[in-house]
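Visitor: what follows is a predicted protein model with its sequence.
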Amino acid sequence: MNHWLHGMFTALVTPFDEDAIDHGALERLIHWQIAQGADGVVIGTATGESPTLSATERLELCAAARHIAGKHFPVIAAVGSYATAETVAEIAAAERAGASALLLRMPYYNRPTQAGLAAHALAAAQATGLEIILDNDPDRCGVEIAPETLEALEGAANIVGILERRGDLVRCDRIARLRDRRFMRLTGAAETIPSYLLAGGCGAITSVGNLAPHWLARLESAARSEFYGQAQILQRRLVPLLDLLAREPDPVLVKLALSMLHPEVGAACRAPLAPARPELAALVREAIEDLPRPLAGTAMAAVQAGAPARPRRV
């Protein structure tokens, strides 16, 4: 099965112009993602600074991303809070704004039981006809979705997969044995992409996709063509950048790097995220300059002209 959610998706940053969303920068970034071969963008994640966005801004961001990306390029909206009722309301807003699918974060702070997690996911599934990917992020939420809970959710047809933030290969295999092959598994840990695809995963949602979407597309292509040695070599070229980005909270250094790649895109994050330490700026510039560049061609010509390349149809 080759579902449209198979692929490399970018957890897109939210660019700001002083205290508002910078729509011009957002347009530039989405067009660049399309031209560079990303399979879609995910808006409103932690990389997109979702905790600092108001409900109005989240709706504005989703509608703007859909308008910029066009009808067919996937725009996945990250939704969910610690209150199930608030989550259902956010889902309705994202659906109205044109989201292609939803990334459902689990309740944070409440630390619900597995029964509570299942009830939260089922309420979300019943509130929409959109496909849902569950966001398993125990480091942020304090709880982990047990594979047995995924098995209990099998009756919810529009819960189609899970994002595993830690990229745990043992869990990947265990989930595969409890659910059928149509239940998709994506990794949120960029360092695990080749091994996760080899273990049966279908793709990734990562913040490093903001900086190297073309490189991730090449990596996925190599893995799907069963050139796993080549995929591992491609992945290792990203390791220095991944190590550097981890030296500040996400997306502080991602935004700084983007401002170097796209001078019209600001590096500012909203409080409580502070600016990057000054001594890291030179390291970020070196890492960006060391990133392998895509081959010149129609994709680059399109982005240089300010027009999106042909989008992937969903």
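Guide: Great, that's in hand.

Visitor: where do the helices of the stretch 201-314 of the chain begin and end?
Guide: 213-224, 228-236, 239-245, 252-261, 280-290, 298-304 (DSSP state H, counting those that start in this stretch).

Visitor: would you format the ones you listed as CSV with distance to Ala78, mean neighbour count and mean pLDDT included?
Guide: Every residue, glycine included, has its C-beta placed from N, CA and C. Shown next, in CSV, are those (distance: least, CB to CB, whole Å; neighbours: other CB atoms under 10 Å; pLDDT from 0 to 100):
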stretch, distance to Ala78, mean neighbour count, mean pLDDT
helix 213-224, 18, 21, 92
helix 228-236, 25, 16, 89
helix 239-245, 19, 17, 93
helix 252-261, 16, 21, 96
helix 280-290, 25, 15, 92
helix 298-304, 25, 15, 39
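
Visitor: with His72 as the reference, name the closest of the ones you listed.
Guide: His72 lies closest to helix 298-304 among these, at 15.6 Å (CB to CB).

Visitor: pLDDT-wise, which helix or strand of the chain ranks last?
Guide: One helix or strand of the chain scores below all others by mean pLDDT, DSSP states H and E: helix 298-304, with a mean of 39.

Visitor: need the helices of the stretch 201-314 of the chain in JSON lines (columns: distance to Ala124).
Guide: Shown next, in JSON lines, are the helices of the stretch 201-314 of the chain (distance: least, CB to CB, whole Å):
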{"stretch": "helix 213-224", "distance to Ala124": "28"}
{"stretch": "helix 228-236", "distance to Ala124": "33"}
{"stretch": "helix 239-245", "distance to Ala124": "30"}
{"stretch": "helix 252-261", "distance to Ala124": "28"}
{"stretch": "helix 280-290", "distance to Ala124": "37"}
{"stretch": "helix 298-304", "distance to Ala124": "35"}
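
Visitor: of all the ones you listed, which one is nearest Leu273?
Guide: Ranking the helices of the stretch 201-314 of the chain by their distance to Leu273 (criterion: CB to CB) puts helix 252-261 first, at 5.8 Å.

Visitor: helix 280-290 and the closest one, what's the angle between them?
Guide: Interaxial angle, helix 252-261 versus helix 280-290 (axes from the mean of the first three to the mean of the last three CA atoms, to 10 degrees): 60 degrees.

Visitor: which other helices and strands does helix 252-261 contact?
Guide: In terms of contacts (3 or more CB pairs under 8 Å, 6 or more residues apart in numbering; DSSP states H and E), helix 252-261 is packed against helix 239-245, helix 280-290.

Visitor: how much space separates the residue lying closest to Met106 once chain neighbours are set aside from Thr56?
Guide: Distance criterion CB to CB, 6 or more residues apart in numbering; nearest residue to Met106, sequence neighbours excluded, is Cys141 at 4.7 Å. Between Cys141 and Thr56 the computed distance is 25 Å (CB to CB, to the nearest Å).

Visitor: can you tell me the closest non-neighbouring residue to Glu248?
Guide: Closest to Glu248 by CB to CB, 6+ apart is Ala276, at 5.4 Å.

Visitor: the one you found against Val254, yeah?
Guide: No. At 10.1 Å, Ala276 does not count as touching Val254 under the criterion of CB atoms under 8 Å.

Visitor: what about Cys141 and Thr56, which has more around it?
Guide: Taking other CB atoms under 10 Å, Cys141 and Thr56 do not tie; Cys141 has more neighbours (22 against 9).

Visitor: look up phi and psi at the more buried one.
Guide: phi -90, psi -20 (degrees, to the nearest 10).

Visitor: repeat that for Ala212.
Guide: Torsion angles, degrees, to the nearest 10, at Ala212: phi -140, psi 50.

Visitor: next: Ala267.
Guide: Torsion angles at Ala267 (phi, psi; degrees, to the nearest 10) stand at phi -100, psi 0.

Visitor: distance to Cys269 for the helices and strands packed on helix 252-261 - can I get that in a markdown table?
Guide: Converted to a markdown table, these look like this (distance: least, CB to CB, whole Å):
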| stretch | distance to Cys269 |
| --- | --- |
| helix 239-245 | 13 |
| helix 280-290 | 14 |
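
Visitor: Ala85: which of those helices is closest?
Guide: helix 239-245 (35.3 Å).

Visitor: packing partners for the closest one?
Guide: Judged by 3+ CB pairs under 8 Å, 6+ apart, helix 239-245 is in contact with helix 252-261, helix 280-290.

Visitor: what does the last one contact?
Guide: If I follow you right, that is helix 280-290. Here helix 280-290 makes contact (CB atoms under 8 Å, 6 or more residues apart in numbering) with Leu211, Pro240, Leu241, Leu244, Arg247, Glu248, Leu253, Leu256, Ala257, Met260, Leu261, Ala276.
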